[in-house]
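Peer 1: Got a sequence here, can you model it:
(one chain, ligands or ions: 1)
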Amino acid sequence: MNNGTVYSDTGKTRDQQFRPDAIAPYTSTLMKVTRIQRYQLSYPIERPYANSCVWNRTRDVAVIAVTTDRGITGWGEGSRLPQTSVLAQHVLGRDPFDVAAMGRAAQTGGCPPAAWSGVDIALYDLMGQAVGRPVHQLLGGAVRDRIAVYASGLFLDDARQPTGALAQEAGAYAAAGFPAVKMKIGFGARIDAARVAAVRAAIGPDVLLAVDANCAYDAATAIASVRAVEEHDVYWYEEPVPPTEIQAYHQIQAAAPMQLAGGEALEGLGAFRDLVSERCLAIVQPDISIAGGFSACQKIAALAEAHGVRTLPHMWGSAIRLAATLQWQAVLPDGPGLFPEPSLFEFDMTENALRTDLAKEPFQQQGGTVAVPDAPGLGLEVNLKVLEQYTVATDVVQA
Ligand SMILES: [Mg+2]
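Peer 2: Numbering: from 1, shown residues only. Predicted coordinates for the structure are as follows:
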């Protein structure tokens, strides 16, 4: 085709079609952000519990509400939120459909991904509400309408040695129909072995069992723990060491018969690059409210897919993070084959009213699965009374 050929659909020549001054600037705006509010929420735990590194005495989350000139409010949850003014400069007056462009500007402006996560999630909630579609459709469409769940609990209460309460809790999860459970270890190889043996005995041979050491170890002590628990058919071993210790992951994976998992605290696409591209673990676990929201998590999942690493999101927060994680996990691809490994949703079983009460309709497991919301946006309605009840600080910026 020469440059003088006229295109039949536009009636323009090739030169006219592609000359920059022939292209009209993009001006279509569906709505504009007029207000952004941050809520710091804290829930006091009645019976504190520990993993290998920290006692949980409160559950704290940072919620973001973004409102537009159409009167729609989108909800998000981030981590380590700065003053709202830091976020507002990238959002006020903009159309939520420019979410990726806003994210780029925020990143260039030094806004950490963990803080931006809340805004990105709220903007996706707004886009979905504006067009009357669930977020999973904005991401390309769900490949599952229900997701298999694993009960995430079995923390330390007082004694490091396994107690009757640990076995009782594990047995209750199996009886409730969970196809998988995750327990805390990282207390030394001998105690890890005793705790895992107690839980395996309580859940029987058919329930998948994952263990989580929360970065308690170095390579040598992690390998001792791996060898101590392997006879109990462990499905995955999570965070034996911090996710930045790539060489240690290689060493541990070489010694471990089970799959390694990790990455829940990493922020931004770049932070996942080496962990994933070096294939030193089998499962990567981005947290949507830490890694950078839907925009970053979709890129991280693509990076993982290209390297043959499975993505199973981490979920530890309020009902807003839970809803966002469901929307995202709904679109994550299964592996090849007729019988792929299950996509397991982290169903936090610990005491936390911010997860159980902040949505007007709580998310519940049924028959070992949880439904992906089909309502517009994130598919949840925030209970404003509960939001107010647990808010310890808030600030707002308006256009
Ligand atoms: Mg973990």
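Peer 1: Can you give me the neighbour number for the closest residue to residue 204 other than its chain neighbours?
Peer 2: Nearest non-adjacent residue to residue 204, counting by Cβ to Cβ, 6 or more residues apart in numbering: residue 174, 6.2 Å away. Yep, even glycine has a C-beta here, placed from its N, CA and C like the rest. By other Cβ atoms under 10 Å, the residues close to residue 174 number 18.
Peer 1: ditto for residue 98
Peer 2: Neighbours around residue 98, by other Cβ under 10 Å: 16.
Peer 1: before we move on, what about residue 131?
Peer 2: Residues within reach of residue 131, counting by other Cβ under 10 Å, total 13.
Peer 1: Identify the residues contacting the host helix or strand of the residue nearest to residue 204?
Peer 2: For residue 174, the element it lies in under DSSP states H and E is helix 164-175. With Cβ atoms under 8 Å, 6 or more residues apart in numbering as the test, helix 164-175 has contacts from 151, 153-154, 157, 181, 183, 195, 198-199, 201-204, 207, 349.
Peer 1: quick one: buried residues of it?
Peer 2: Neighbour-count burial for helix 164-175 flags 166, 167, 169, 170, 173, 174 (criterion: 16 or more other Cβ atoms under 10 Å).
Peer 1: Let's have these in TSV, adding distance to the ion and pLDDT.
Peer 2: Compiled in TSV, the buried residues of helix 164-175 are given as follows (distance: Cβ to the ion, whole Å; pLDDT from 0 to 100):
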residue	distance to the ion	pLDDT
166	18	95
167	21	96
169	17	97
170	17	98
173	17	98
174	21	98
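Peer 1: which one among those gets closest to residue 253?
Peer 2: Looking at those and their distance to residue 253, the nearest is residue 170, at 26.5 Å (Cβ to Cβ).
Peer 1: Spatially, what comes nearest to the closest one if we skip its sequence neighbours?
Peer 2: residue 202 (4.0 Å).
Peer 1: circling back: and the helix holding residue 174, C-alpha only, in CSV?
Peer 2: Presented in CSV, the C-alpha positions along helix 164-175 are these (Å, rounded to 0.1, in the frame of the first residue of the first chain):
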residue,chain,number,x,y,z
GLY,A,164,-5.2,-29.9,72.7
ALA,A,165,-6.6,-26.6,71.5
LEU,A,166,-4.4,-26.8,68.4
ALA,A,167,-5.7,-30.2,67.4
GLN,A,168,-9.2,-29.2,68.2
GLU,A,169,-9.0,-26.1,66.0
ALA,A,170,-7.5,-28.2,63.1
GLY,A,171,-10.1,-30.9,63.5
ALA,A,172,-12.9,-28.3,63.4
TYR,A,173,-11.6,-27.0,60.0
ALA,A,174,-11.6,-30.5,58.5
ALA,A,175,-15.1,-31.2,59.9
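Peer 1: which residue ranges form the helices in the stretch 151-300 of the chain?
Peer 2: Applying DSSP state H, counting those that start in this stretch to the stretch 151-300 of the chain gives helices spanning 164-175, 189-203, 219-229, 246-255, 269-277, 288-291, 293-306.
Peer 1: possible to save the ones you listed as a markdown table with distance to residue 365?
Peer 2: Listed next are those as a markdown table, based on distance: least, Cβ to Cβ, whole Å:
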| stretch | distance to residue 365 |
| --- | --- |
| helix 164-175 | 10 |
| helix 189-203 | 16 |
| helix 219-229 | 26 |
| helix 246-255 | 31 |
| helix 269-277 | 28 |
| helix 288-291 | 19 |
| helix 293-306 | 22 |
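Peer 1: Could you look over those and pick the most buried one?
Peer 2: Ranked by mean neighbour count, those are led by helix 288-291 with a mean of 30 (mean count of other Cβ atoms under 10 Å).
Peer 1: who in the stretch 101-250 of the chain is up against the ion?
Peer 2: Within the stretch 101-250 of the chain, the positions near the ion by Cβ under 5 Å from the ion are 212, 238.
Peer 1: Tell me which stretches of the stretch 101-250 of the chain form strands.
Peer 2: Secondary structure of the stretch 101-250 of the chain (DSSP state E, counting those that start in this stretch): strands located at 146-152, 180-184, 208-212, 236-238.
Peer 1: List the pairing partners of the last one within its sheet, with orientation.
Peer 2: Right, the one you point to is strand 236-238. When sheet partners are counted by DSSP bridges, strand 236-238 sits next to strand 208-212 (parallel), strand 259-262 (parallel).
Peer 1: Next, the contact list for the residue nearest to residue 170, please.
Peer 2: Residue 202 neighbours (Cβ under 8 Å, 6+ apart): 166, 167, 168, 170, 171, 174.
Peer 1: Rebuild those residues as JSON lines, extending it with distance to residue 339.
Peer 2: Shown next, in JSON lines, are these (distance: Cβ to Cβ, whole Å):
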{"residue": "166", "distance to residue 339": "32"}
{"residue": "167", "distance to residue 339": "31"}
{"residue": "168", "distance to residue 339": "33"}
{"residue": "170", "distance to residue 339": "26"}
{"residue": "171", "distance to residue 339": "28"}
{"residue": "174", "distance to residue 339": "22"}
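Peer 1: Would you tell me which of the helices of the stretch 151-300 of the chain gets closest to residue 392?
Peer 2: Closest to residue 392 of the helices of the stretch 151-300 of the chain, according to Cβ to Cβ: helix 288-291, at 18.0 Å.
Peer 1: is any part of the closest one close to the ion?
Peer 2: No - applying Cβ under 5 Å from the ion, one finds helix 288-291 separated from the ion by no less than 11.7 Å.
Peer 1: Perfect, I'm done here.
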